[in-house]
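J.: No letters, just coordinates:
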């Protein structure tokens, strides 16, 4: 039985197509002119390089507390223009109403480590 908030069932191959990786946040700066307060994150994914993401985390995280966090992100999404920035990955978090709790790894791993 599906929970009311559940999404449609997908095939394992659909999930396997998602390239989820651990990245280390290098910097978080306010996204100027955003309709909803957000940060521009620069995230080191090791061999994949540094990718940029925009994330509405201002309510839950001060910019200086994000630096050095190892987060989980989807890295094989098409780039998306957000204001004057091109977001090239999607940082994952647990969402409860307006609050977001970033998905982090429980102990340090190399940037770019795949999530399986």
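T.: The structure has been received and is ready for your questions. As the structure is a computational prediction, the values presented were derived from the model and not from experiment. Residues are numbered from 1 along each chain as shown.

J.: Dead centre of this structure: give me the residue that sits there.
T.: The chain has residue 91 as the residue nearest its centroid, 0.6 Å off, counting by Cα atoms, centre = their mean.

J.: So which bits of the lengthiest strand in the chain are buried?
T.: When the chain is scanned for its longest strand (criterion: DSSP state E), the result is strand 20-30. Using 16 or more other Cβ atoms under 10 Å as the test for burial, strand 20-30 gives 20-25, 28. Where you see a C-beta, it was placed from the backbone N, CA and C, and this is true even at glycine.

J.: could you point out which element follows it?
T.: The element immediately downstream of strand 20-30 (helix or strand, assigned by DSSP states H and E) is strand 39-44.

J.: partners of that following strand in the sheet?
T.: In the sheet, strand 39-44 lines up against strand 20-30 (antiparallel), strand 50-55 (antiparallel) (DSSP bridges).

J.: Of those, which is nearest residue 75?
T.: Among those, strand 20-30 comes nearest to residue 75, with 5.1 Å by Cβ to Cβ.
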